[in-house]
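Peer 1: Quick one, fold the following:
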Amino acid sequence: MIRLVFCRSRFSLIFQAIILAGFTRRLHSGAWRGDLGRRMQETTTAELRPQAGVGLADPAPSLAPAAGKRLVTTQSSVHLRHRLTSAILQVSRAGARMLSEEVDYGRLLLFSPVLLGAGSALWFLAATDIPVGPLLLGLSALTVAVLVACSGRPVLQITLLALALVVSGMLCSQFESWRASTVILDSSVTTTVTGRVERREGDDRGRWRYILAVAGTAEPEVKRPPRRITVIARGADAPFEIGDIITGRARLTPPAGPALPALNDFSFGAYFDGIGANGFFYGAPTKLDPQVEPPGARWTSDALLERLYRLRSGIGDRIRSILPGDTGAFAAALVTDERRAISNETTEALRQSGLAHIIAISGLNMALSAGIFFVGFRMLLSLFPGVAQAHPTKKFAAAGALIAVSAYFLISGFAVSAERAFIMMAIMLVAVFFDRPSISLRNVALSALVIIAISPSEVLGPSFQMSFAATLALVSVYQLWKDRPVRQNALLKMPALRPVVAVVRFFGGVFLTSLIGGFSTALFSIEHFHRLTAYGLPANLATMPIISFIVMPAGLLAMLLMPFGLDTLPWKVVGFGLDLVIAVAKTISGWGGNIDIGRLPGWYFSVAVAGFLLMSLLRTRLRHVGTALIAVSTVTVLVLPASRPPHLVISEDGALVAVVATAALASNRERPSDFIFSQWQRALVLPTHHPPKMLDGPAVPEEKDRRLRLSREQQNEARIAIRTAAAEGEAERFSCVKKAWCTARLANGHVVTVIENAAYLGPACDAGDIVVTSVRLRFASCRSGAALFTGETLRRTGSLELRFADSGLEVTTAFDALSRPWKRHRAYDWRNDRFIDSGPSSVSDSGG
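Peer 2: Here you go, the predicted model:
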């Protein structure tokens, strides 16, 4: 990891040099403003000169009355056109003046991470990889043009610089993809895994989740084994330590794709996290004898990173040993970001009450820890008058706070929210050394540049987007508040009122912070999670004083005393505060504060984000253009009719199918997978679940052999049973025979059948219009003409949405092509040990 960060830092330095070289040359010179003003003046003179001549011309005295009327009408239209032109020119002049002011204040520099991130997003969202050669050639040409060829043309220079930043973002994305080169498991397999424990984390049910560096597989040997996997182990007497080599029989599956088309692709995040498979051990794994380390191996980057994770795990174990249950898990999450030990009940309560951001190591945690250390260390130095008078104690305190947040970041697990918060805090504290403003939009932009250059894949993730959106909005409002005209009020300076004023200011700050943070992240919450939290404001008002004055100060003191074994009492204080937070979360979550929004049109998110960025990054009235963009796009979404919902949704493995009814989802499982089904419910705004109606018995004797062959009489019996269940069963609800088949009749009369055993394929094709099976068949069509979706076809297309239209069955797939690195494993054929055609996915062969 350290070696990776070192490699990444070189990329960040390169792109910072490009950005600073381009912007510092022209953006602060004022030449662009003069050029724009001169061009605007020329345009104004050219427009007004001919119009003035027409307006002053006198009518000829020999014209007839009718001609006089026409002349008056002509003069009126000319006058109206003149006024309209003048208004347009005035608006143009005002816009040019405000744009020039934005340039003079360096606001265009703030858009550099936006352009770099836009290039990264374009590369990741493209259907295929963009060749590196043309990108490098284009970047070189743009850089030369920006630095040399465009001297004296500031508008063109800034345009080319913007294009150069976009191309640089694409190159960053390509380099990160090459750097990851993660091997993802192509299909589910049961095998014996041997690997080295790199990280571990316990959950609330006594299980342990390990990240293993795979050393080998056996029985069968996987031809394309992933280098790193996550597996869950249960039944062990004690957890394995980091660095142990363990082996056991495990079931491995590839990372999940989107639960529905256009939803989050979890294999994308797994690829850039280096995780090639997920799974669980059958029983407790066994520990093997440790390998002999070669000389010098203890000082490699991997060994140092292993020590760091061992320290992190030990801190979490120490906290949980003092504070049991959810309280200890909550406290450990605040320090080490290990959240799995928190029970599902508490986690859901925190999420519904809008307090989930507390357990994520983000700006709040970093700011409180740095601020408490900064103020405390400075107060400690002030107790020594000689030191306080002879030395800059403020800078000493900033140095101490920088060391503290650096240590916090190293044991936090390197999450993107912690990474962003650490870079932001480091820049703020370093600014104190040079007597520069610590809170500014420039610092936010610089931290965003560093993160995008290092990890451009985070641009598409909710953590990056929500953390930077909240930070950007808060700093932007802070700048407006700082620049406001201040009026002195002698009444507020009275000694008796000072405590009241301090309390009002604190809760007023918490109120505004929560309000701004909630509004700024609402758009991203809708896009990624399809819901909003209604009562986040009162929850934050109630808990922020507890976190600020009890939990974080006591936690910082406990961490300082932990090496001496004197941390028990401070952790008890932390536990008291967190018990209050959990109580508040459960109380407010009981109010039912979730607001389901569902999926919005794809264009809305891009337009609204553009409006949010304009509104936050600009300082003049031009920022209201962003407000207008958000308002107009939101009204458009509310006025326009919603997109037509699907009639049927199918998971990527074919095991879960649901009929989209009027007010509920009717699935083929009594207890569907919450991981997939909850995403369906939020995206389609259908929280009600209709489980299937279980029939009395199977149409044929139940068999465990999946290769069962039915006789002709058994096939006829199954065919009749499926048709009868579809005809007599409740419409838009499945009727199922356990471990055999499920069938449902849609509102339009079409019949869908889901089979678990390929032996029922013939009867299902004859009795239904749509047949779904998780079995990976070698063929992809029904002789009867029914649409067939198998485990093999679904592996290439991902999850599906089916709609019936006048033209026939419309199929929306999660993947259109499999050429991107995080999708490539879906095109691998393990039988032939090669990649099959990974072009556009097609369902035409499946009878659609």
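
Peer 1: Which stretches in the stretch 651-800 of the chain count as strands?
Peer 2: 657-660, 665-667, 689-690, 693-694, 735-737, 741-745, 751-755, 770-773, 787-789, 800-805 (DSSP state E, counting those that start in this stretch).

Peer 1: confidence score at M40?
Peer 2: pLDDT recorded at M40 is 39.

Peer 1: Quick one: list the elements packing against the top helix by length along the chain.
Peer 2: Assignment by DSSP state H gives helix 65-104 as the longest helix of the chain. Judged by 3 or more C-beta pairs under 8 Å, 6 or more residues apart in numbering; DSSP states H and E, helix 65-104 is in contact with helix 31-56. Backbone N, C-alpha and C define where each C-beta goes, glycine included.

Peer 1: Would you double-check that L147 falls in a helix?
Peer 2: Yes. Counting by DSSP: H, G, I helix; E, B strand; the rest coil, one finds L147 located in a helix.

Peer 1: one step back: mean neighbour count and mean pLDDT added to the strands of the stretch 651-800 of the chain, as JSON lines?
Peer 2: Output for the strands of the stretch 651-800 of the chain, formatted as JSON lines (neighbours: other C-beta atoms under 10 Å; pLDDT from 0 to 100):
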{"stretch": "strand 657-660", "mean neighbour count": "24", "mean pLDDT": "96"}
{"stretch": "strand 665-667", "mean neighbour count": "23", "mean pLDDT": "95"}
{"stretch": "strand 689-690", "mean neighbour count": "18", "mean pLDDT": "94"}
{"stretch": "strand 693-694", "mean neighbour count": "14", "mean pLDDT": "92"}
{"stretch": "strand 735-737", "mean neighbour count": "23", "mean pLDDT": "93"}
{"stretch": "strand 741-745", "mean neighbour count": "28", "mean pLDDT": "94"}
{"stretch": "strand 751-755", "mean neighbour count": "26", "mean pLDDT": "94"}
{"stretch": "strand 770-773", "mean neighbour count": "26", "mean pLDDT": "95"}
{"stretch": "strand 787-789", "mean neighbour count": "25", "mean pLDDT": "94"}
{"stretch": "strand 800-805", "mean neighbour count": "19", "mean pLDDT": "93"}
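
Peer 1: Where does the prediction get shaky in this structure?
Peer 2: 1-75, 149-151, 291-301, 363, 486, 488-493, 697-707, 837-848 (pLDDT under 70).

Peer 1: Quick check: neighbours of the longest strand along the chain in the sheet, parallel or antiparallel?
Peer 2: The longest strand of the chain (DSSP state E) is strand 189-202. Here strand 189-202 is paired, per DSSP bridges, with strand 208-218 (antiparallel), strand 245-253 (antiparallel).

Peer 1: Buried residues of it, list them for me.
Peer 2: 189, 191-202 (16 or more other C-beta atoms under 10 Å).

Peer 1: and of those, the nearest to M544?
Peer 2: Closest to M544 out of the buried residues of strand 189-202 is E201 (27.6 Å), distances taken as C-beta to C-beta.

Peer 1: Touching, the closest one and W208? I think so.
Peer 2: Yes. Assessed by C-beta atoms under 8 Å, E201 is found in contact with W208 at 7.2 Å.

Peer 1: Please enumerate the helices of the stretch 601-750 of the chain.
Peer 2: Taking DSSP state H, counting those that start in this stretch, the helices of the stretch 601-750 of the chain run over residues 602-617, 623-639, 674-684, 712-728.

Peer 1: what's the angle from the shortest one to strand 800-805?
Peer 2: Pointing back at helix 674-684 there. Helix 674-684 and strand 800-805 are oriented at 40 degrees to each other (axes from the mean of the first three to the mean of the last three C-alpha atoms, to 10 degrees).
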